[in-house]
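Undergrad: Here is my input, please return the structure:
(one chain, ligands or ions: 1)
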Amino acid sequence: MSVLGLGAMGSALAGALVKAGHETTCWNRSPGKTDDLVAQGARAADSAADAIRASRLVIVCLFDHASVHEVLDPLAAELAGRTVLNVTTTTPVQSRESAEWAARAGIEYLDGGIMAVPEMIGQSGASALYSGSSDAFHRYEPLLDLWGTSTYFGEDAGLASLYDLALLAGMYVMFAGFIHGAAMVAPAGVTARAFAAAATPWLTAMTSAFDEFGAIIDGGDYTVEGQQSLRFSNLSDLLTASSDQGLSTEVVAMVQRLIQRQIDAGHGEEGFARIIESIRQPG
Ligand code: NDP
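TA: Residues are numbered from 1 along each chain as shown. The predicted structure is shown next:
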């Protein structure tokens, strides 16, 4: 197989293939990035076209959707009859557009989202999400498993990136919440690492709520007994404690606004999961 793009992630993906003994051809726009991989046993291609000609499977790990088109568009004829696995982060619309572009050019297309940082590739905890050609996924699944746990979502090429970005949305908002908490305790002389020691078990325990929220959201009934109500989930004290210390309240205020819109619409006694309705209908 061939790997186009040897940034931090492309190098890690190619390295795992070489380590497993696969014949791997690598190409990068800027010179110098193939040296380490060649030392491990990979072959360096002089051009993207040369790399494509070397393999039936072409793995693309570039910066963004535009760079993928910049590299692949002029080489569509070379790619015809081959498989492109595009693990560049793109939006679902962009992934579907790439799949349509590939179909028009006679290229088999699989889209991927890597749920790991480069150091995690090939280690436990790494996973990758795929959608697009089912044939391609199943043909190359043993190879994809070298990077981490592989999950396939279906023929719609946009699904892997949809899951990828949805999971990242959860991660970034959680990270921002943790960092907001660290800013709150800092004036009391608490280091961010000490706060992390308290936050990790707390937030880990709280993830058990996801499944309960999921059941309520799927059932569509936010009045089911036993839920914490929106009125009870008032974040005023969090906002006051933050602003009392001269901190930005943006992170907490964002959640409070989602809650408040539902209370204002008359749903204050319903469960917290109802904030999904504020997200579904932007204010
Ligand atoms: P890097 O910035 O390290 O590498 C970017 C790569 O894209 C380089 O090989 C760069 O080449 C190449 N590139 C950029 N623009 C062009 C262009 N116009 N034409 C040709 N090549 C181009 O990024 P990563 O390797 O970290 O990330 C690659 C993809 O993987 C991204 O889409 C990223 O979102 C995704 N990803 C990364 C993760 C991470 O933790 N790093 C995690 C999950 C996904 P050059 O060396 O010449 O600049």
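Undergrad: Quickly check: stretch 36-44 near the ligand or not.
TA: No: interface with the ligand: stretch 36-44 contributes nothing (CB under 6 Å from any ligand atom), its closest point being 12.1 Å away. In short, each C-beta sits where N, CA and C put it, glycine included.
Undergrad: Tell me which residues of that stretch come out buried.
TA: In terms of neighbour count (16 or more other CB atoms under 10 Å), stretch 36-44 has its buried residues at 37, 42-44.
Undergrad: right, and the pair among these with maximum separation?
TA: The distance between the two most remote of the buried residues of stretch 36-44 (CB to CB) is 8.8 Å, for L37 and R43.
Undergrad: anything in contact with each of the two?
TA: Common contact partners of L37 and R43 (CB atoms under 8 Å, 6 or more residues apart in numbering): 24, 26.
Undergrad: So which of the buried residues of stretch 36-44 belong to strands?
TA: If you go by DSSP state E, the buried residues of stretch 36-44 have 43-44 in strands.
Undergrad: between the buried residues of stretch 36-44, which is nearest the ligand?
TA: Taking CB to the nearest ligand atom as the measure, the ligand lies nearest L37 of the buried residues of stretch 36-44, at 12.1 Å.
Undergrad: I'd assumed N28 was in contact with that closest one.
TA: No: here L37 does not reach N28: they are 9.5 Å apart, not a contact under CB atoms under 8 Å.
Undergrad: intersection of neighbour lists for those two?
TA: Shared contacts of L37 and N28, defined by CB under 8 Å, 6+ apart, are found at L6.
Undergrad: how far away is T24 from the ligand?
TA: 15 Å (CB to the nearest ligand atom, to the nearest Å).
Undergrad: Contact partners for that residue?
TA: Applying CB under 8 Å, 6+ apart, one finds that T24 lies in contact with 1-3, 14, 17-18, 37, 41-43.
Undergrad: Roughly how far does it sit from E100?
TA: The span separating T24 from E100 equals 28 Å under the rule CB to CB, to the nearest Å.
Undergrad: Could you find the residue in the stretch 1-150 of the chain that comes nearest to the ligand?
TA: In the stretch 1-150 of the chain, the residue that lies nearest the ligand is G7 (1.8 Å; CB to the nearest ligand atom).
Undergrad: Could you tell me which residues make contact with that residue?
TA: In this structure, G7 makes contact with 28, 33, 61-63, judged by CB under 8 Å, 6+ apart.
Undergrad: got the phi/psi numbers for it?
TA: Taking degrees, to the nearest 10, you get phi -70, psi -160 for the backbone angles of G7.
Undergrad: picking up where we left off before, farthest pair within the contacts of T24?
TA: Set against one another by CB to CB, the contacts of T24 have their most distant pair in S2 and G41, with a gap of 14.4 Å.
Undergrad: Domain map for this structure?
TA: What the record gives for the chain is the domain set 2-155, 163-280, from automatic domain parsing.
Undergrad: can you give me the end-to-end distance of the last one?
TA: With CA to CA, to the nearest Å applied, domain 163-280 spans 17 Å between its terminal residues.
Undergrad: Please state the backbone phi and psi of the closest residue to L165 other than its chain neighbours?
TA: Leaving aside its sequence neighbours, L165 sits nearest to T91 (CB to CB, 6 or more residues apart in numbering; 6.9 Å). Torsion angles at T91 (phi, psi; degrees, to the nearest 10) stand at phi -80, psi 160.
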